[in-house]
Each structure stands twice: as structure tokens, then as C-alpha cells.
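Novice: Return atomic coordinates for the entry below.
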Amino acid sequence: MKVTISDVAKLAGVSTATVSHTINNTRYVSEETREKVYAAISRLGYTPDASARSFRTGKRKTIGFIVPDISNKFFATMIESVENYLAAAGYHLIIANTKEDMDREERNIRLLSAGLVDGLLIASTMDSFQRLDSLIPAGFPVVLVDRVFGEKKFTSVCVSNFQPIYRSVCRLVGKGDRRIGIIGGLPRLSSTQERISAYQQAISDCGLEAEASLIRYGDSMENSAHGCLDELLEQHCDAVIVTNGLMASESIIHLHRKGVQLARDIDLVSFVDYESDFYELYANQIDSIVQPVDELGNIAGEEILKRVEDPDAPIFEKVLTSAYRPYDVPKSKNDSDG
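Specialist: As a prediction, this is how the structure comes out:
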């Protein structure tokens with residue numbers, strides 16, 4: 001049965017009017033009462049209808065950003081870009097960290113969309129669009145960031161890495177590598193699926209035998225690359241593609257500790273998710289796939305504010321492209337690659 005405002009009021013021990021005022025910010029409510037109301041909303045999974053007049057009274061000048069891992073510099077850098085863009089427009093940003101946990105994401109979406117924010121940016125870890133869609137109140141402004149779904153119900157901003165990965169495999173084959181492994185993120189994510197698809201297509205087109213054992217999956221979080229990398233080394237890989245900046249930097253450190261020399265003992269293709277002197281140290285030893293993180297954040301901020309102002313605006317899909325930079329080609333020749 002659908003959860004009603006009366007159910008929330010009963011659990012919180014307040015009147016339905018108090019719940020309404022808390023959600024719509026139409027009258028002063030004590031912090032203690034406000035916490036009780038939002039705790040009840042979260043526990044019951046109450047979802048107000050964002051198209052209702054009472055829910056859309058006034059703006060809070062606040063946007064929520066649901067991210068899978070704030071310790072990942074890719075998302076930390078993006079958060080900073082989004083926050084700078086929103087601040088210039090007079091908006092605040094609230095961050096919710098899901099730690100790649102679908103249940104945590106569900107709770108955060110329900111809580112934030114229940115009246116705390118004017119709109120949501122979501123880098124979703126959900127395994128199905130239907131589950132995500134069921135959580136979004138009707139008419140509520142949402143922009144999907146980095147991770148998308150086949151269904152095009154919400155505006156989205158993401159990065160395509162198909163061509164850079166395809167090109168990197170072809171380059172490795174051209175150098176003589178024959179056992180090329182790849183470390184992807186969570187298999188359920190659209191970003192992972194695209195990257196593995198590009199790898200598989202290039203392996204086939206380059207005439208190499210496809211080996212499922214050369215495809216390993218981490219969880220895109222800290223300490224998930226080591227085991228994958230060891231498994232690939234045991235299979236005598238002469239090249240590895242790491243499709244996530246955090247896992248790539250951990251792979252470089254892990255190889256160094258094992259005494260495996262880059263560009264001599266093994267070829268490495270590394271995703272670069274942020275500006276760092278760390279990557280500069282290895283720029284002449286690894287191929288890089290550079291993500292346009294700042295641009296991604298700016299566009300995400302721009303699009304969510306457009307939808308806050310006009311929730312019925314046409315759905316917008318923006319796909320950026322990363323840059324592939326082989327280490328032995330001068331950087332100036334590759335700045336425009338996509």
C-alpha cells in the first residue's frame with residue numbers, strides 16, 4: 001500500500017500539518033521535530049508528489065548530489081566543480097555518499113527528495129532503472145551523472161570511453177602484446193559495460209582470442225584492484241588496462257612494490273580522473289585515458305539548475321569524450337583526441 005502523509009505523522013508523533021510544513025518549509029518547525037519527520041519519511045519510504053502545488057512552494061536554493069564514493073578523487077573533483085558552479089548561482093550543495101550500496105542510495109534519494117533539496121544529481125549504483133525510477137517523485141528535477149540507463153526518462157551527462165579503450169587495445173597489439181587483461185568496475189554499471197564492450201570489440205577486431213579470464217572486476221573503490229591485478233599477472237599478461245582512476249593509481253603502486261617495471265615488464269593503460277603530480281611521474285611509462293571531470297561537473301550543475309527552473313523541459317543527453325594519450329606520442333598531438 002502507498003505510504004501516506006498520515007502514516008508519516010503517526011510514526012513521527014506529530015500532526016499531518018506539521019509534516020506538511022516540514023516538507024514544504026512553510027512554517028517554522030523545531031530541529032528536533034524536523035529530525036523526527038525526516039526519520040519517519042526515511043523509514044517508511046514516503047515519497048511526496050513533487051508535482052503537487054504544496055510541494056513546489058518556494059525554492060530551498062539547495063541541490064543534492066548522490067555519489068558512490070566520496071573518497072574517489074574522480075567524484076571528489078566533480079563535486080568541487082558542481083559546487084563552484086552552483087555557488088555562483090546562489091545555490092548550496094548537499095552530498096550523500098552511497099559507498100556503492102543500492103540500499104543506501106535508496107534511503108538517500110527518499111530523504112533528499114522529500115523536501116530537503118530542489119533537485120538531485122545522481123551517480124547511481126542501482127542495478128535497474130525501474131528501482132531508481134520508483135524512488136523519484138513525479139516531476140522532481142533529476143540529472144543522472146556519469147552512470148546512465150537505457151531508458152531516457154531523465155536528463156543525463158556522462159563520458160564515453162569506447163574509442164579511447166578501443167584505440168589503446170589496438171596500440172598494444174601493434175606493439176606486440178598478445179595477452180591483454182582489463183580491470184573493470186562493478187559489472188552492473190553502464191560505464192563498466194561500455195568499457196568492457198570496447199575492449200572485447202578491439203580484441204576481436206585485432207585477431208586475438210577472447211579469454212574471459214582476462215577480464216576482472218573490482219568495485220571501483222579502495223583496495224579492489226590488487227587482487228584483480230595479481231590474477232592477471234598469474235596469467236602472464238603483458239599488458240593491463242585499468243578502467244578507473246582510483247584502481248589505476250593503486251595498480252601502479254602495487255606493481256612498483258612487486259618490482260614489476262612499467263613499459264618494460266608490462267604495459268599499462270591508466271585512467272586519469274584528476275590532475276595529479278602522481279600521474280606526471282609515470283607519464284613516460286603508461287598510456288593514459290584522461291577524463292574531462294571538471295567539464296562533466298560544470299555541465300551537471302548547469303543542467304540541474306535548468307530543470308529546477310523548468311521541470312518539464314525536454315530531456316537532455318550530453319555525452320563527453322575522454323582523451324587517449326599514448327606515452328610515447330607528444331602530448332600536444334593528442335590534446336584534441338576523443
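Novice: Angles on the backbone of the residue nearest the centre of the chain, please.
Specialist: Nearest residue to the geometric centre of the chain (CA atoms, centre = their mean): residue 123, 4.0 Å. According to degrees, to the nearest 10, the main-chain angles of residue 123 amount to phi -100, psi 90.
Novice: Which pLDDT value does the model give it?
Specialist: The score at residue 123 is 97. That number is its pLDDT.
Novice: can you pull the contacts of it?
Specialist: Contacts for residue 123 were tallied using CB atoms under 8 Å, 6 or more residues apart in numbering; they are 65, 66, 67, 68, 75, 144, 145, 146, 147. Just so you know, the C-beta spots here come from the backbone N, C-alpha and C atoms, and that holds for glycine as well.
Novice: Once you drop chain neighbours, what's closest to the third one?
Specialist: Read it as residue 67. Sequence neighbours aside, residue 75 is the residue nearest to residue 67 in space, at 4.5 Å (criterion: CB to CB, 6 or more residues apart in numbering).
Novice: Could you give me the PyMOL selection string for whichever of the contacts of residue 123 are buried?
Specialist: Buried residues within the contacts of residue 123, as defined by 16 or more other CB atoms under 10 Å, are selected in PyMOL through the command that follows:
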select buried, resi 65+66+67+68+75+144+145+146+147
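Novice: So which of the contacts of residue 123 sit within helices?
Specialist: Using DSSP state H, the subset of the contacts of residue 123 located in helices is residue 75.
Novice: Of all pairs in the contacts of residue 123, which one spans the longest distance?
Specialist: Of all pairs drawn from the contacts of residue 123, the one with the largest separation by CB to CB is 75 and 144; the distance is 14.0 Å.
Novice: Kindly provide the distance from the residue nearest to the centre of the chain to residue 130.
Specialist: 18 Å (CB to CB, to the nearest Å).
Novice: so where do the strands sit in the protein?
Specialist: Taking DSSP state E to define them, one finds strands in the chain at 62-67, 92-97, 119-122, 142-145, 155-160, 180-184, 215-217, 239-242, 267-272, 287-290, 317-321, 323-325.
Novice: Name the strands paired with the fifth one and say parallel or antiparallel.
Specialist: Within its sheet, and counting by DSSP bridges, strand 155-160 is paired with strand 142-145 (parallel), strand 317-321 (parallel).
Novice: mind listing what's buried in it?
Specialist: Buried residues in strand 155-160, counted by 16+ other CB under 10 Å: 155, 156, 157, 158, 159, 160.
Novice: circling back: who wins for proximity to residue 196 among the strands paired with strand 155-160?
Specialist: In this view, the strands paired with strand 155-160 are compared for proximity to residue 196 by CB to CB, and strand 317-321 is the closest at 17.8 Å.
Novice: What mean pLDDT does that closest one get?
Specialist: Mean pLDDT, strand 317-321: 96.
Novice: Could you do stretch 299-311 as well?
Specialist: Computed over stretch 299-311, the mean pLDDT rounds to 94.
Novice: Kindly report the same for stretch 193-210.
Specialist: pLDDT averaged over stretch 193-210 gives 97.
Novice: what residues does that stretch touch?
Specialist: Here stretch 193-210 has contacts from 160-163, 165-170, 173, 178, 180, 182, 184, 187, 215, 241, 243, using CB under 8 Å, 6+ apart.
Novice: before we move on, back to that, the residue nearest to residue 67 reaches residue 81, doesn't it?
Specialist: No. Under the contact definition of CB atoms under 8 Å, residue 75 does not touch residue 81, with a separation of 10.6 Å.
Novice: Run a quick neighbour tally on residue 170.
Specialist: When neighbours are counted by other CB atoms under 10 Å, residue 170 registers 14.
Novice: cool, and residue 27?
Specialist: As a burial measure, the neighbour count of residue 27 was computed by other CB under 10 Å and equals 10.
Novice: same deal with residue 8?
Specialist: Counted with other CB under 10 Å, residues neighbouring residue 8 total 28.
Novice: now do the one 10 residues further on
Specialist: Other residues near residue 18 number 20, with proximity taken as other CB under 10 Å.
Novice: Tell me the pLDDT of it.
Specialist: Value listed for residue 18 in the pLDDT field: 89.
Novice: residues in contact with it?
Specialist: Residue 18 sits next to 9, 12, 29, 33, 37 when contact means CB under 8 Å, 6+ apart.
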